[in-house]
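>>> Okay, sequence plus prediction incoming.
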Amino acid sequence: MRLKVVLLGEGRVGKTSILLRYVRDEFAEKQQSTLQASYLDKRISVGATNAQLSVWDTAGQERFHALGPIYYRDADGALLVYDITDAESFSKVQKWIKELRKIVGTEITIVIAGNKVDLERNRQVDEAQVFEYCKSVGAKHFYTSAKQNVGLSECFNDLAKNMVEKK
Ligand code: GDP
Ligand code: MG
């Protein structure tokens, strides 16, 4: 079973870093904003089901708020990323969810990741507000660090489980 996941969120929140850590176990402090490919594949098992996740990353065009319909097409799930040290990146999550649902529909599985949790001391986003918001949109929330490899398998496992159930 092939499942398409799109990464969404403001520039610099760590989308590319999350993908490279999750699929290749790599991390770079000076992460380039683009990947060679538009997606990377990762095998994952959900109970007895073997799935192949195709995780799509932007080529930096989120900075211009211009992700075309091809990016979203046939997506089964979305990982919406914000940076816990950047309040603005959290306030934009709603905008991304609205756009996603407008194009793909409301059935799509959404998981929200508060990335850079290794920088907890610089936190700018209020946790109670995050939990309330995630509940209101019916999305699960995970804290992640691409840098320290925290929370990523939990995040993608949960996405995959929900996507398999809906397929
Ligand atoms: P994107 O624009 O959303 O794809 O973000 P990038 O993956 O390019 O990351 C932007 C910057 O944040 C880079 O300098 C990364 O090294 C850094 N970064 C990404 N994830 C983390 C993390 O979990 N912790 C810390 N401390 N830095 C991170
Ligand atoms: Mg990027």
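Great, that's in hand. Ligands and ions are numbered 1, 2, ... in the order given.
>>> quick one: buried residues of stretch 77-97?
When burial is assessed from 16 or more other Cβ atoms under 10 Å, stretch 77-97 yields the following buried residues: 77-86, 89-90, 92-93, 96-97. For the C-beta atoms, the positions are set from N, CA and C on the backbone; glycine is no exception.
>>> Quick check: which element contains the residue in the chain that ligand 2 sits nearest to?
The nearest approach of the chain to ligand 2 comes at Thr16, 3.3 Å away (Cβ to the ion). Applying DSSP states H and E as the criterion places Thr16 in helix 15-24.
>>> so does that helix get close to ligand 1?
Yes. On the criterion Cβ under 6 Å from any ligand atom, helix 15-24 is in touch with ligand 1 at 15-17.
>>> how deep is the residue of the chain closest to ligand 2 tucked in, by neighbour count?
22 (other Cβ atoms under 10 Å).
>>> re the thing from before, farthest pair in the buried residues of stretch 77-97?
Based on Cβ to Cβ, the longest span within the buried residues of stretch 77-97 runs between Gly77 and Thr85 and measures 25.5 Å.
>>> Show me what the mean pLDDT comes to for the helix or strand hosting Lys102.
Taking DSSP H and E as the definition, Lys102 sits inside helix 93-104. Along helix 93-104, the predicted confidence averages to a pLDDT of 95.
>>> and if you look at stretch 21-34?
Averaged across stretch 21-34, the pLDDT comes to 86.
>>> Need the residues that contact that stretch.
With Cβ atoms under 8 Å, 6 or more residues apart in numbering as the test, stretch 21-34 has contacts from 11, 14, 16-17, 20, 40-42, 55, 59-60, 146-147, 149, 152-153, 156.
>>> Looking at these, which are in helices?
Secondary structure from DSSP state H places 16-17, 20, 152-153, 156 of those in helices.
>>> picking up where we left off before, could you dump the residues of helix 15-24 next to ligand 1 to JSON lines with distance to Val5 and pLDDT?
JSON lines is the format used below for those (distance: Cβ to Cβ, whole Å; pLDDT from 0 to 100):
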{"residue": "Lys15", "distance to Val5": "11", "pLDDT": "96"}
{"residue": "Thr16", "distance to Val5": "14", "pLDDT": "94"}
{"residue": "Ser17", "distance to Val5": "16", "pLDDT": "95"}
